[in-house]
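[1] Here is a sequence with its predicted model. Questions after.
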Amino acid sequence: MTRPRIGISIGQLLTLPGVTRPYEGTAQHYAQALWAAGAAPSLLPLIPEAAGELMERLDGLLLSGGVDLHPRFYGEEPHEQLGEVDELRDATEVELYRAARERGLPVLGICRGLQVINVFEGGSLHQHLDGHSQSARGHHYTDTTHDVHFEDGLLARHHPQLTRVNSHHHQAVKAVAPTLRVAARTDDGLVEALEGDGVVCVQWHPEATFHSAPDTNGTFKAYMELFR
């Protein structure tokens with residue numbers, strides 16, 4: 001069976017010591033996990049005007065983790081605790097996602113990717129978690145594992161109902177987009193996964209544990225099921 005060709009979004013690496021111009025890239029685990037799941041990964045350059053042509057050559061899209069999405073995409077001014085943004089990446093991912101959806105290609109969103117998809121579909125974000133949820137401190141940058149409870153859907157078919165996941169984010173879904181449904185939450189109701197027609201999104205990082213934590217590998221199994 002031919003491996004489906006999956007494009008992976010990347011970002012500008014703005015903080016490398018001694019680098020005077022940004023590099024482009026992302027963590028290697030995304031490509032490794034896709035390959036292990038049976039797909040053929042490709043990194044997609046930060047060229048917004050090339051997105052449509054690039055997606056014509058692919059079978060699916062993975063929107064990866066990274067810095068904060070600029071809040072102008074959901075009609076808000078930047079919060080004082082908004083993190084680093086990458087507007088070239090934002091502009092590119094808008095076009096990649098639009099092209100993938102126009103072609104009916106399956107899309108997987110991880111961490112930032114979940115947030116991006118929710119916003120591009122009409123939802124919004126908490127720009128900073130502190131004060132929005134009792135679990136906010138646990139989701140910030142120190143305590144990075146917690147339980148999620150799955151609701152009926154594609155992800156639920158591939159995970160135990162209660163699964164311990166690894167997430168480290170300071171933003172989260174506020175208003176869920178009308179085209180998406182909640183697929184998993186934390187104990188206190190924070191959205192941890194979304195699903196839609198041809199779309200799977202998780203707030204945690206299954207690509208970082210695909211080789212050591214079988215319970216989280218269900219995310220990639222669910223994504224590959226979309227191709228079937």
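    All right, it came through fine. Numbers count the residues shown, from 1 in each chain.
[2] mind listing the strands for this structure?
    5-9, 11-13, 23-25, 40-44, 60-63, 107-110, 125-126, 145-150, 162-166, 172-173, 181-185, 191-196, 199-202 (DSSP state E).
[3] so what does the fourth one touch, helix or strand wise?
    Right, strand 40-44. strand 5-9, helix 29-37 (3 or more Cβ pairs under 8 Å, 6 or more residues apart in numbering; DSSP states H and E). Every C-beta, even on glycine, is put in place using the N, C-alpha and C of the backbone.
[4] ditto for the first one
    Here strand 5-9 is seen to pack against helix 29-37, strand 40-44, strand 60-63, helix 87-102 when contacts are counted using 3+ Cβ pairs under 8 Å, 6+ apart.
[5] Looking at the ones you listed, which is nearest to residue 227?
    strand 60-63 (7.0 Å; Cβ to Cβ).
[6] Within the sheet, what are the partner strands of that closest one, with directions?
    strand 5-9 (parallel), strand 107-110 (parallel) (DSSP bridges).
[7] what is the mean pLDDT for the shortest one?
    Think strand 107-110. Averaged across strand 107-110, pLDDT comes to 98.
[8] And for that strand, what's in contact with it?
    Strand 107-110 is contacted by residues 6, 30, 60-65, 97, 100-101, 115-117, 194, 198-202, 204-207, 219-220, 223 when judged by Cβ atoms under 8 Å, 6 or more residues apart in numbering.
[9] Would you single out the least confident of the helices and strands packed on strand 40-44?
    Minimum mean pLDDT among the helices and strands packed on strand 40-44: helix 29-37, a mean of 94.
[10] what separates that helix from the chain centre, distance-wise?
    From the chain centre to the centre of helix 29-37 is a distance of 15 Å (Cα atoms, centre = their mean, to the nearest Å).
[11] Same question for stretch 90-104.
    Counting by Cα atoms, centre = their mean, stretch 90-104 comes out at 14 Å from the chain centroid.
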